[in-house]
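Enquirer: Below: sequence and its predicted model.
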Amino acid sequence: MTRRPTRLTLAMAAFAAFATAHPMGNFSVSHYAHIEVQGSGVAKVTYVLDLAELPTYELLQKWDLKQSSPAFQIEAKAAAEAKGWVANLKFRVDGKPVAVRILDTKIVMASGAGNLPIARVTSHLDVPLSASGALDYEDGNYPDRAGWKEIVIGAAKGVTLVEASQIAVERSQALTVYPTDPTIAPPQDLRARVEWKLNAAPVAAAKPAIVEIEQPKKVEVASTPAAAPLEVGRRPVAAAPGEVVKGDALSQILSKGNLGASAILIGLITAFWFGCIHA
C-alpha cells in the first residue's frame, strides 16, 4: 500500500526546494564581466549581475516595486541602480583611473522559488583605451555574497593581447547556464588584467600569456543577525497534505515590506516548524 506523504515530509520537501532553487543558492549574487579590447580605442564590457531570490526581493523592496509592476518602472529603476554598480567597478589604464560610459542596461525577471522573482541585470559599457597599454579591472559589488564570479577577456580583429589574467572561454554563457556538475567549483574572479597592442598589419592570432593575479580575499560573513521580533498572529488553520493555506507564517512574513534577508530566513524556518508540528 502506498503511504500518503505526511505534513513533515511535505514541509521538508518544500523547505529543501526553496533552499536550493537558485543554482548558486537563493542568497547569492553572481557576477560576470566580458572585456573585449577593440581597435577603435575602447574596450567593450558586458557586465551582468544575477541576483537570486532573496537579494532580488530586497532590491524590489528598495525600489518599492513588485515583479508585476509595469516593465518601464522596473527598467528605469534598474538603469538607475546600474549607475551605482558601475561606480563600484574600477578601471585603470596604465595605472590611471578612466571614466566609463554606460551604453544601456536591461533587466530580465524570472520566477524563482516560493513565487519570489529572480533578476538578471546586464549593462554594456565603453572604457576608453590607448593604442597599447594595460587595463586593470576590479569589481567591488556585493563583496559579502556568494555566487558565480566569472571574467572573460578577448580581443577584436586587429588587436593582439600580449598577456591576460583570464581567457576568452565562456563557462556560464553570461550567467544564463550554470554547470550542473557538482565537482566544478564556481570561479571567484573579481579582478582582471590585460595588456594589448594594436596590429600595424594583419597578423595570425596568437594566444596571450596567461598571468596570475591576486583575487580579493573572501569576506567572512558573520552568522545571520537576529531580526526584530515578528508579530505573532493566529496559528494557521490546518490543511490537508499538499494544500497551501493563505495567511500561513511564510506568506504573512513575505507580505510585509522592508524585510531583510535574515527576517526572510526566519520566515522559512518558521514555515518549516509549523509543518513539523502539524505532521
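Expert: Nice, I can see it.
Enquirer: what's around Y178, how many residues?
Expert: 17 (other C-beta atoms under 10 Å). For every residue, glycine as well, the C-beta is placed using N, CA and C.
Enquirer: before we move on, what about K106?
Expert: K106: 14 neighbours (other C-beta under 10 Å).
Enquirer: Please name the nearest non-neighbouring residue to it.
Expert: T122 (5.0 Å; C-beta to C-beta, 6 or more residues apart in numbering).
Enquirer: OK, contacts around the one you found?
Expert: T46, Y47, V48, T105, K106, I107, V108, A174 (C-beta atoms under 8 Å, 6 or more residues apart in numbering).
Enquirer: Check the secondary structure at the first one for me.
Expert: T46 falls in the strand class when you classify it by DSSP: H, G, I helix; E, B strand; the rest coil.
Enquirer: Would you mind measuring from it to Y32?
Expert: Taking C-beta to C-beta, to the nearest Å as the measure, T46 falls 8 Å from Y32.
Enquirer: contacting residues for R120?
Expert: Counting by C-beta under 8 Å, 6+ apart, R120 has contacts V48, L49, D50, L51, I107, V108, A110, L175, T176.
Enquirer: just to revisit the earlier point, tell me what the residue nearest to K106 is bridged to.
Expert: V48, K106 (DSSP bridges).
Enquirer: ok, now the one 10 residues further on?
Expert: Listed beta-bridge partners, S132: K197 (assigned using DSSP bridges).
Enquirer: what number of residues lie near it?
Expert: S132 has 14 nearby residues by other C-beta under 10 Å.
Enquirer: can you give me the strands in this protein?
Expert: Using DSSP state E, the strands found in the chain span residues 29-37, 42-51, 89-93, 96-97, 101-111, 117-128, 132-139, 149-155, 159-164, 191-198, 209-210.
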